[in-house]
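Engineer: All I have is the shape, not the residue letters:
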């Protein structure tokens, strides 16, 4: 390993030229790769928070969580819905 470092110090211009070549080829590669401005990425999990001050956990589950779970289950493509009240 030290031989490579010593060789780089002995041949400074060659090392700088190699570095410039690597940087330029990396920049050209980055520019030539096709990119999307807004890629369509599937997000597997969605968290929804509903808060209401002064309500008991039982009432929160009955009045907030259960109706929201029923509405979310009607959406196509939803595999699992779970809710907690606290």
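Structural biologist: Structure received. Please read all numbers here as calculations on a predicted model, not as lab measurements.
Engineer: contacts, neighbours, all on C-alpha from now
Structural biologist: OK.
Engineer: Pull up the distance across stretch 50-62, start to finish.
Structural biologist: By Cα to Cα, to the nearest Å, the extent of stretch 50-62 from end to end equals 13 Å.
Engineer: from the chain's centre, how far out does it sit?
Structural biologist: 32 Å (Cα atoms, centre = their mean, to the nearest Å).
Engineer: List the contacts of it.
Structural biologist: 64, 84, 85, 86 (Cα atoms under 8 Å, 6 or more residues apart in numbering).
Engineer: Kindly report the same for stretch 8-18.
Structural biologist: Contacts of stretch 8-18 (Cα under 8 Å, 6+ apart): none.
Engineer: I'd like the average pLDDT over it.
Structural biologist: Here stretch 8-18 scores 87 as its mean pLDDT.
Engineer: and what of stretch 61-69?
Structural biologist: 86.
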